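A.B. asks: Need a 3D model of the sequence below.
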Amino acid sequence: MITHRLLAGSALAALALGPAAWAQDTHPVTGEPLAADQTFQYRMLDQFPSIDPQLIEETVGGHLARQLFEGLLTQNADGTLREGVAEAWSSEDNQTWTFTLREDARWSNGDPVTAQDFVFAWQRAADPATASEYAWYVELSQITNAAAVIAGEAEPSELGVRAVDERTLEVTLAQPLPYFPQMTVHYTFMPTHQPTIEAHGAAWTNPDNIVSNGAYVLEDMAVNEFIRLGQNPEYWGAEDVIVTEITGYVINDANQALTRFQAGEFDMMDDLPAGSYPRLEAEMPDVAHSVPRLCSYYYTVNQSESGHEALQDARVRTALSYMINRDVITDQVLKAGQAPAYSFTHWATADFELPEIEYSLWSQEERMEKAMALMQEAGYGPDNPIELDLIYNTSENHKQIATVISQMWRPLGVTTKLSNFEWQSYLEIRGNQNFDIARSAWCGDYNEASTFLDLLTTRNANNDGKYSNPEVDRLMAESVTMSDPQPTYSQVEQILAEDMAILPIYHYTQNFVLDPTIRNWPTENVENNWYVRDIYRVAAD
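C.D. replies: Have a look, this model is predicted:
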């Protein structure tokens, strides 16, 4: 039997000490002098569409979910698993998993967090009536009957998850999945409070209505301005939470955000202005940071029936990709350690070996020469030009990248209209295939290559370009049961490159600025999952 139980008294847990500890002048573990002000402020790039765990579909909402809600498991600073609501988990065959919930888990209204709360939330995520953008994630986790429930062919109650008793959750998978516990960290699998949802409907996440089970509770919010969270006194680990208040500010403009950070208005911002990192690192080495982040930046190509006729031709898509000089993007525009991408899966993904994609070995001159030939072969070029609409969400960085790439495409006879939309509109337009090419990024939902490659299977709801290849679908389905799926992942990457399913551009780093008085930030977590309950502020020198 595979059994896991983590000790709450670990060294990592000890770094987060409660009010009784931080009321002292120094940190009892590290000896650091502690600041009287234990608040944390950060910049948010966009207004989040939702903080409902089963409706969240993007990074900003995901960061908030980790503060407001807690799933079965969470992560340490290095990305390894630790207890959440579950204090132990086990499986004899990697197919039936049992999670034992802690007795002291409470909702913010004082109700106990039970196994049935997870059953309700997971059934809700899979239920077509919920219209969750992450319903596919439930199917990807291999939970029994997930595909049938999502397709409307089975009732949500038939999903392979049940409450054995109030403190025991049993999950049955269609086939063994050794990394299933990692998948439960994701916000889609966080519990939600059924009575509150039934009482308030879509308004259940309003500050006056919401009931949550994380270290923090929602106190106030102004759309496109800010969100404010306060400590949750009902949280089982409330005595170990140091930061008393969190405020996130919505600031689309990266340069304005950086100016406000430098003026001391908030403690952390990422998505720095393009090209600014070398200067910031030189001027503020204790403030500017760049670490690997499990995200890939790419352009989605609309291959649905509504897509541009020319883009249905793999030769055109390939020509567009070959013309992109990725070294210019990473080394001259971004300048923060990003790596050129010729395949989808991020190089830092656990146990993943980056496949050798043929065109990555060519010089840029060779790629451009082949691109011109492919375009001509497809019947396009300066004598038969193409006009494309490239959409992106509001960000000066996205605009700069789109501008540079549109210029790279000009020798192919391609003119590009750049269309900028605020986040919610952008998601709707992209999700409804009302575009030719769309700026996109995918950040791993768990640290395994399938989190990237499953995105480009036919049934994945986040496959906004509607790329479809039965061989990719087959290989990814088969990979689930393999003891070593790496060769299959490499094969899938080769197929994606041959089809030019997407236009990969670069693999992320997490480049950010952080007030040096903030300590215990999880720089080694490549998924960029952070929990404010773990951090604290030391007194300034």
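
A.B. asks: Look up which residues are beta-bridged to Arg82.
C.D. replies: Counting by DSSP bridges, Arg82 is bridged to Thr74.

A.B. asks: For burial, what's the neighbour tally of it?
C.D. replies: For Arg82, the neighbour count with other C-beta atoms under 10 Å is 18. Bear in mind the C-beta positions are built from the backbone N, C-alpha and C, glycine included.

A.B. asks: Run the chain-centre distance for stretch 317-326.
C.D. replies: Distance, stretch centre to chain centre, for stretch 317-326: 26 Å (C-alpha atoms, centre = their mean, to the nearest Å).

A.B. asks: no, scratch that, I was asking about stretch 26-36
C.D. replies: For stretch 26-36, the separation from the chain centroid amounts to 33 Å (computed by C-alpha atoms, centre = their mean).

A.B. asks: Quick one: end-to-end distance for it.
C.D. replies: End-to-end distance for stretch 26-36, by C-alpha to C-alpha, to the nearest Å: 11 Å.

A.B. asks: What are the buried residues along it?
C.D. replies: Residues 27, 34-35 are the ones in stretch 26-36 that count as buried (16 or more other C-beta atoms under 10 Å).

A.B. asks: Need the phi and psi values for Val171.
C.D. replies: Phi and psi for Val171, reported as degrees, to the nearest 10, are phi -120, psi 130.

A.B. asks: Name whatever forms a beta bridge with it.
C.D. replies: Trp97, Val161.

A.B. asks: could you dump the helix or strand where Glu493 lies to PDB, C-alpha only?
C.D. replies: Element membership for Glu493, per DSSP states H and E: helix 486-499. Below are the C-alpha coordinates for helix 486-499, written out as PDB (Å, rounded to 0.1, in the frame of the first residue of the first chain):
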ATOM      1  CA  GLN A 486       8.400   9.800 -22.100                       C
ATOM      2  CA  PRO A 487       8.900   8.200 -25.600                       C
ATOM      3  CA  THR A 488       5.200   8.700 -26.300                       C
ATOM      4  CA  TYR A 489       5.400  12.300 -25.300                       C
ATOM      5  CA  SER A 490       8.300  12.800 -27.600                       C
ATOM      6  CA  GLN A 491       6.300  11.200 -30.400                       C
ATOM      7  CA  VAL A 492       3.400  13.500 -29.800                       C
ATOM      8  CA  GLU A 493       5.700  16.500 -29.800                       C
ATOM      9  CA  GLN A 494       7.000  15.400 -33.200                       C
ATOM     10  CA  ILE A 495       3.500  15.200 -34.600                       C
ATOM     11  CA  LEU A 496       2.600  18.600 -33.200                       C
ATOM     12  CA  ALA A 497       5.700  20.000 -34.900                       C
ATOM     13  CA  GLU A 498       4.900  18.300 -38.200                       C
ATOM     14  CA  ASP A 499       1.300  19.600 -38.100                       C
END
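
A.B. asks: low-confidence ranges in the stretch 1-150 of the chain?
C.D. replies: 1-24, 28 (pLDDT under 70).

A.B. asks: just the helices in it please.
C.D. replies: 11-14, 19-22, 59-68, 115-126, 135-140, 146-150 (DSSP state H, counting those that start in this stretch).

A.B. asks: Could you point out which of those helices sits nearest Arg260?
C.D. replies: Of all the helices of the stretch 1-150 of the chain, helix 59-68 sits nearest to Arg260, with 17.3 Å by C-beta to C-beta.

A.B. asks: pLDDT-wise, which helix or strand of this structure ranks last?
C.D. replies: The weakest-scoring helix or strand in the chain, judged by mean pLDDT, DSSP states H and E, is helix 11-14 (a mean of 38).

A.B. asks: Save the helices of the stretch 1-150 of the chain as JSON lines, and put in distance to Asp286 too.
C.D. replies: Shown next, in JSON lines, are these (distance: least, C-beta to C-beta, whole Å):
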{"stretch": "helix 11-14", "distance to Asp286": "22"}
{"stretch": "helix 19-22", "distance to Asp286": "22"}
{"stretch": "helix 59-68", "distance to Asp286": "23"}
{"stretch": "helix 115-126", "distance to Asp286": "41"}
{"stretch": "helix 135-140", "distance to Asp286": "38"}
{"stretch": "helix 146-150", "distance to Asp286": "47"}
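
A.B. asks: Minimum distance to Arg279: which of the ones you listed has it?
C.D. replies: When the helices of the stretch 1-150 of the chain are compared (using C-beta to C-beta), the closest one is helix 59-68, at 25.3 Å.

A.B. asks: What is the closest one packed up against?
C.D. replies: strand 216-222, strand 226-231 (3 or more C-beta pairs under 8 Å, 6 or more residues apart in numbering; DSSP states H and E).

A.B. asks: how about these in TSV, adding mean pLDDT?
C.D. replies: Output for these, formatted as TSV (pLDDT from 0 to 100):
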stretch	mean pLDDT
strand 216-222	97
strand 226-231	98
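
A.B. asks: Name the stretch among these that sits most buried.
C.D. replies: Most buried of these, by mean neighbour count (mean count of other C-beta atoms under 10 Å): strand 226-231, with a mean of 20.

A.B. asks: ok so, going back, of the buried residues of stretch 26-36, which is the nearest to Glu225?
C.D. replies: Minimum distance to Glu225 across these is 26.1 Å, recorded for Ala35 (C-beta to C-beta).

A.B. asks: I'd guessed the closest one sits against Arg537; true?
C.D. replies: Yes - contact between Ala35 and Arg537 holds when scored by C-beta atoms under 8 Å: they sit 4.3 Å apart.

A.B. asks: any common contacting residues for these two?
C.D. replies: Thr517 (C-beta atoms under 8 Å, 6 or more residues apart in numbering).

A.B. asks: Show me the shaky parts of the stretch 201-350 of the chain.
C.D. replies: Checking the stretch 201-350 of the chain against pLDDT under 70 turns up nothing.

A.B. asks: Show me the strands in it, by range?
C.D. replies: 216-222, 226-231, 245-250, 268-270, 288-301, 339-340 (DSSP state E, counting those that start in this stretch).

A.B. asks: And the third one, what does it pack against?
C.D. replies: In other words, strand 245-250. Using 3+ C-beta pairs under 8 Å, 6+ apart: strand 245-250 touches strand 39-44, strand 226-231.

A.B. asks: buried set for that strand?
C.D. replies: Neighbour-count burial for strand 245-250 [16+ other C-beta under 10 Å]: 245-250.

A.B. asks: quick one: which of those is nearest to Ala438?
C.D. replies: So of the buried residues of strand 245-250, ranked by how close each gets to Ala438 (C-beta to C-beta), first place is Val250, at 21.8 Å.

A.B. asks: Look up which residues are beta-bridged to the most centrally placed residue in the chain.
C.D. replies: The centroid of the chain falls nearest to Cys443 when counting by C-alpha atoms, centre = their mean (4.1 Å). For Cys443, the beta-bridge partners are Cys295 (DSSP bridges).
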